[in-house]
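Visitor: need a structure here:
(chains A, B, C and D)
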2 protein chains.
Amino acid sequence: MIKHNEIERENIMKIMSIPEIKEYLNNNGIKPSLPRIKIFEYLNNYKSHPTADEIYLALIDELITLSKTTVYNTMDLFLKHNIIIQILIEENEIRYDSLTSNHGHFKCIKCNKIYDFKYDLADISIKELNGFSLNEYHTYIKGICKNCSENK
Amino acid sequence: MIKHNEIERENIMKIMSIPEIKEYLNNNGIKPSLPRIKIFEYLNNYKSHPTADEIYLALIDELITLSKTTVYNTMDLFLKHNIIIQILIEENEIRYDSLTSNHGHFKCIKCNKIYDFKYDLADISIKELNGFSLNEYHTYIKGICKNCSENK
DNA sequence: AATTATTTTGTAATCATTACATTTAATGAA
DNA sequence: TTCATTAAATGTAATGATTACAAAATAATT
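Guide: Presented below is the predicted three-dimensional model:
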C-alpha cells in the first residue's frame, strides 16, 4: 500500500537555509536562538544521525562557548516539540534525526554510515498485535552498504 | 512469503526444564554451571526481556553469592554463542531475549510489558537498500497493549 | 534603566556497563 | 588423593553518556 506522493514529499526533510530553519523553529513554538539554529542546521543538513557529543564537537569551533549541557537541553526541547526523534542502534549512545516521519535506519558495519529508508510496517499484518494500539514504529537493519560491498 | 511451519516451530523458544537447558548450553559450547543455568532459565522461562540488573535481582535470593559482573559476563558469553540477543527499546538500558530468530518487540507504555511478535521485513521491498547486504533486523513498536486498552 | 523571564553554561552527580585483579571452583595428571 | 592448571565467579574501581542543579549571561518587558 503506497502512500500518496504528496504525503511522502511533505515528510522528506530537505536541506534548509538559516531563514527557513528560523521559521521552522518559530512555527514549532521554539525561539530560534543561535545555538538552537546551528544545532538544528547541523542535524538536518548533514543528516549524519549524530550523537549529542558529535554535535558538540562539530559546533564548538564556531560556537566557542557552547556547552554539552546546552546540546542535551536543546535535544530535549526539540524532542518535546516533536521536530526530532531519537534513534537507538548501538547500546550506550543516543542518536538524533530531524526526519520525524516513519522510516527505518540502516547502519553499515564497515563504514558506520547510517542510511534512512522508507518502509511501512502497516504493510505487514501482525496477528499477535490485534487489539493493540500502535504508536511508534522503530526499525533498524545492520549490514554492509552498497558502497562498502563494491569497494571490496 | 510465509516460512515453513517446521522452521517457524523450531524458532519458537519454549519453556525448558533444567536438563533441557543443560543440554542446550552444552550443544552450544557453553559449560552449564549453576549461574549459567539459572540465568538462562530466568531469561527463557519468564520471557520478560529483562535487563542485567533485573536478572541479578531475580536470582540473588537463591544464588546468594551471585555478582552483577557474573550476570554481565554470562550475557556476553551467551551473546558470543548466539543463544540470546540484545534488544534496545529505551535509552540507558540493554535487555536480553533468548528467542534469537527474527522477530519484533512491542512495548506497552502503560504496563511496560514487552511482547514478541513475528514479522518478516523481507516481505517489504525497500528500494533504498538495493545492493546492500542485510544481516540483522531489529524492530520495536510502542503503544498500548490489548489488556491495558480493555481495562480502561 | 531596572526588573523579570529565558537561555546558556560549568560542575558535580548518577547509573549502567566494563576493566581488572583476586578468589573460588573444576579438571586432569601424577 | 594431592598438586598443578585452567576456567568461572566475584568485588572493587574505572568509564562514559546523560542528567541535576545552581550560577551566569542574555533577551524581553515595564
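
Visitor: care to break chain A down by domain?
Guide: Following the assignment in automatic domain parsing, chain A carries domains at A:5-97, A:104-150.

Visitor: how close does the residue nearest the centre of chain A get to residue A:114?
Guide: The centroid of chain A falls nearest to residue A:97 when counting by CA atoms, centre = their mean (1.0 Å). With the distance defined as CB to CB, to the nearest Å, residue A:97 ends up 9 Å from residue A:114. C-beta: built from backbone N, CA, C; applies to glycine.

Visitor: and if you look at residue A:104?
Guide: Separation of residue A:104 from residue A:114 (CB to CB): 10 Å.

Visitor: then residue A:64?
Guide: Taking CB to CB as the measure, residue A:64 falls 28 Å from residue A:114.

Visitor: looking at these two, which is more packed in?
Guide: Neighbour count, other CB atoms under 10 Å in any protein chain shown: between residue A:64 and residue A:114, residue A:114 has more, with 19 against 7.

Visitor: what's the nearest residue to the more buried one if we skip its chain neighbours?
Guide: Distance criterion CB to CB, 6 or more residues apart in numbering or on different chains; nearest residue to residue A:114, sequence neighbours excluded, is residue A:49 at 4.3 Å.

Visitor: residue A:86 is in contact with that neighbour, correct?
Guide: No. Using CB atoms under 8 Å as the test, residue A:49 is too far from residue A:86 to be in contact (10.3 Å).

Visitor: ranges for the strands of chain A?
Guide: Here chain A has its strands, by DSSP state E, at A:85-87, A:95-97, A:104-108, A:114-117, A:133-144.

Visitor: mean pLDDT for these - can I get that in JSON lines?
Guide: Listed next are these as JSON lines, based on pLDDT from 0 to 100:
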{"stretch": "strand A:85-87", "mean pLDDT": "97"}
{"stretch": "strand A:95-97", "mean pLDDT": "98"}
{"stretch": "strand A:104-108", "mean pLDDT": "96"}
{"stretch": "strand A:114-117", "mean pLDDT": "96"}
{"stretch": "strand A:133-144", "mean pLDDT": "94"}
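
Visitor: and of these, who's closest to residue A:16?
Guide: Residue A:16 sits nearest to strand A:95-97 of all those, at 14.5 Å, using CB to CB.
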